[in-house]
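In: pasted the sequence and its predicted model underneath.
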Number of protein chains: 2
Amino acid sequence: MSAEHWLPAHVRAAGIERTLKAGQSLFRMGDVPPGLFEVMKGKVRLVRMDASGRETVLYTAAPGSMVSEASLFAPAYHCNALASTAAVVRLYPKALLLAEFERDQRVGQAFMRMLAREIMNLRTRLELFNIHSARARVRHYLALHAGADGRTVILSGSVKDLASELGLSHEALYRTLAAMQRGGEIVRQKNRITFRPSV
Amino acid sequence: MSAEHWLPAHVRAAGIERTLKAGQSLFRMGDVPPGLFEVMKGKVRLVRMDASGRETVLYTAAPGSMVSEASLFAPAYHCNALASTAAVVRLYPKALLLAEFERDQRVGQAFMRMLAREIMNLRTRLELFNIHSARARVRHYLALHAGADGRTVILSGSVKDLASELGLSHEALYRTLAAMQRGGEIVRQKNRITFRPSV
DNA sequence: CGGCGTTTTGAGAGAGCTCAACATCGGTGG
DNA sequence: CCACCGATGTTGAGCTCTCTCAAAACGCCG
């Protein structure tokens, strides 16, 4: 959900900035969505809690990414947004955006494209979560997040964060990474993983 | 993704119908999307295959539902569509739709709303797949698909179909349903499940 | 009636989860 | 400068739960 400058300057300028401390809540399930948030600094994650208190990470927004696109048309949020790190977000009010969509067709269409891309991301994630083997999940993730060379992934957070993004316990992930390294499938540096694609 | 008559009559009239036999493919990953499909009769499922041949059901479209909304802006399909039963679909060509979005703001906005709803559905599904216990998954599904009375779910296919929609092996699902019935949590009739919500 | 797919139950094994202990690292304050 | 402390990183061991392979009853349709 990258902004990629599809939003006209005058709308961006009208954004209302807000600063969040690590762990602070941006919005909660049930709140009325005021508009669209763009993450300027830090990271914000969308999560849901199930009955047992388990947290499902629905999405992690990095600088340039949007949050709550889907809720722009909904009467209430259906998940919680929490700052994973200290963060700055910018709010674009709903009415302003809808007016802009009407004024300039291209903006509205860019927004559709963004929604469509998010749908595809979510489907890919769904596929990931349907994989039971931890090793296969890691492979799937690595293949999908490889950099330009096709065999390097930069971790943007702790391994623990990665674990919750993969829907694995952090212990299982540590073990899997260790085993893959022993087997020569991956090499780990500070916050970088190099791997052999499609062995 | 229900159509709900948001599409103007003259666009609907321009749709191209196509008949599919059970198991027949509507489109495959990599194909160029010609437009939007509406399911008129039967059921069509979106699936992806992972490396091991396991099939992940991304979405099941019933009559009135749209397929390939997200791919309207993509150069190629990112998943496969298969007829689960004998089915009839109607194709709305991409160019026609985009022109209509420009002509009438409300149609474009209705489409955005549809995309947004699909995002929320997918997030709910993601949450479902993050639940490991079969029983909790079934509870989650039942709570979400309860009818007006809040405690009855009509199964629209076989239990086996339900199993793949829940991401469970069919054996696990049968066992779980049997156990829940023994425990008095649910009552099963022909193709209907009645349950006690939030016990 | 025969065949095929769904439904059901059994048994075993593998894999991830949980609880637990310990190492490591960075930041804080004395 | 060093001790402390909390969070991350790492490894161990046992347990539970689903998956897989198997087999049999059931129901529907030609």
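Out: Noted; the coordinates are in hand.
In: quick check: which ranges of chain A have low pLDDT?
Out: Within chain A, the stretches with pLDDT under 70 are A:1-4, A:198-199.
In: return the residues of it in contact with DNA strand D.
Out: Within reach of DNA strand D by CB under 7 Å from any atom of the strand, chain A has these residues: A:132, A:158, A:159, A:160, A:170, A:171, A:174, A:175, A:177, A:178. Backbone N, C-alpha and C define where each C-beta goes, glycine included.
In: rerun that using 10 Å as the cut-off
Out: By the rule CB under 10 Å from any atom of the strand, the part of chain A lying against DNA strand D is A:22-23, A:84-85, A:130, A:132-133, A:155, A:157-163, A:169-179, A:181-182, A:188, A:190-191.
In: quick one: contacts for the residue nearest the centre of chain A?
Out: Nearest to the mean C-alpha position of chain A, by CA atoms, centre = their mean, lies residue A:60 at 2.5 Å. Contact analysis of residue A:60 by CB atoms under 8 Å, 6 or more residues apart in numbering or on different chains lists A:43, A:44, A:45, A:46, A:84, A:161, A:165.
In: show me what it is bridged to.
Out: residue A:45 (DSSP bridges).
In: sorry, back to before: most neighbours, which of the contacts of residue A:60?
Out: For the contacts of residue A:60, neighbours were counted using other CB atoms under 10 Å in any protein chain shown, and residue A:44 has the most, 27 neighbours in all.
In: which non-adjacent residue is nearest it?
Out: Among residues not flanking residue A:44 along the chain, residue A:61 sits closest, at 4.7 Å (CB to CB, 6 or more residues apart in numbering or on different chains).
In: number of nearby residues for that neighbour?
Out: 24.
In: how far away is it from DNA strand D?
Out: Distance, residue A:61 to DNA strand D, by CB to the nearest atom of the strand, to the nearest Å: 18 Å.
In: which residues does that residue contact?
Out: For residue A:61, the contact set (CB under 8 Å, 6+ apart) comprises A:1, A:39, A:43, A:44, A:45, A:46, A:67.
In: mind listing the residues bridging to the last one?
Out: Applying DSSP bridges to residue A:67 yields these beta-bridge partners: residue A:37.
In: need the contact list for it.
Out: Residue A:67 sits next to A:1, A:26, A:36, A:37, A:38, A:39, A:44, A:46, A:59, A:61, A:81, A:89 when contact means CB under 8 Å, 6+ apart.
In: which residue ranges of chain A form helices?
Out: A:9-13, A:94-103, A:105-130, A:134-145, A:159-166, A:170-182 (DSSP state H).
In: do the third one and chain B meet at all?
Out: This points to helix A:105-130. Yes. Helix A:105-130 reaches chain B (CB under 8 Å from any CB of the partner chain) through A:105, A:108-109, A:111-113, A:115-120, A:122-127, A:129-130.
In: residue B:100 is nearest to which of the helices of chain A?
Out: Nearest of the helices of chain A to residue B:100, taken as CB to CB: helix A:105-130 at 11.7 Å.
In: and which of the contacts of residue A:67 is nearest residue A:97?
Out: Once CB to CB is applied, the member of the contacts of residue A:67 that ends up nearest residue A:97 is residue A:36, at 6.0 Å.
In: please name the residues that touch the closest one.
Out: Counted by CB under 8 Å, 6+ apart, residue A:36 has contacts A:66, A:67, A:68, A:69, A:72, A:91, A:92, A:94, A:97.
In: let's see 6 Å
Out: Residues in contact with residue A:36 (CB atoms under 6 Å, 6 or more residues apart in numbering or on different chains) are A:66, A:72, A:92, A:97.
In: nearest residue to it other than its sequence neighbours?
Out: Of all residues not flanking residue A:36 in the chain, residue A:92 sits nearest, at 4.6 Å (CB to CB, 6+ apart).
In: and that neighbour, how far from DNA strand D?
Out: With CB to the nearest atom of the strand as the criterion, residue A:92 and DNA strand D are 30 Å apart.
In: surely that residue and residue A:33 touch.
Out: No. Counting by CB atoms under 6 Å, residue A:92 sits too far from residue A:33 to count as a contact (11.4 Å).
In: what about the two, which has more around it?
Out: Counted by other CB under 10 Å, residue A:92 and residue A:33 do not tie: residue A:92 has more neighbours, with 22 against 19.
In: how about that one, what does it touch?
Out: Contacts for residue A:92 (CB under 6 Å, 6+ apart) come out as A:15, A:35, A:36.
In: how many neighbouring residues does the second one have?
Out: In this case it means residue A:35. Residue A:35, neighbours per other CB under 10 Å, totals 18.
In: repeat for residue A:177
Out: Neighbour tally, residue A:177, other CB under 10 Å: 20.
In: do the same with residue A:56
Out: Neighbour number of residue A:56 under other CB under 10 Å is 21.
In: buried stuff in stretch A:11-28?
Out: Of the residues in stretch A:11-28, those buried by neighbour count under the rule 16 or more other CB atoms under 10 Å in any protein chain shown are A:11, A:14, A:15, A:20, A:26, A:27.
In: which of those residues lies closest to chain B?
Out: residue A:27 (14.6 Å; CB to the nearest CB).
In: surely the closest one meets residue A:79?
Out: No. At 8.9 Å, residue A:27 does not count as touching residue A:79 under the criterion of CB under 6 Å.
In: about what we covered before: how much space between the residue nearest to residue A:36 and residue A:179?
Out: Distance of residue A:92 to residue A:179, given as CB to CB, to the nearest Å: 45 Å.
In: kindly report the same for residue A:194.
Out: In terms of CB to CB, residue A:194 sits 16 Å off from residue A:179.
In: and if you look at residue A:153?
Out: According to CB to CB, residue A:153 stands 17 Å off from residue A:179.
In: pick out whichever of these two has more residues nearby.
Out: Using other CB under 10 Å as the criterion, residue A:153 and residue A:179 rank with residue A:153 on top: 19 against 14.
In: near chain B, which residues of chain A show up?
Out: Applying CB under 6 Å from any CB of the partner chain, we find that chain A lies next to chain B at A:48, A:50, A:56, A:58, A:70, A:73, A:78, A:102, A:105, A:108, A:112-113, A:115-116, A:118-120, A:122-123, A:126-127, A:129-130, A:167.
In: noted, bye for now.
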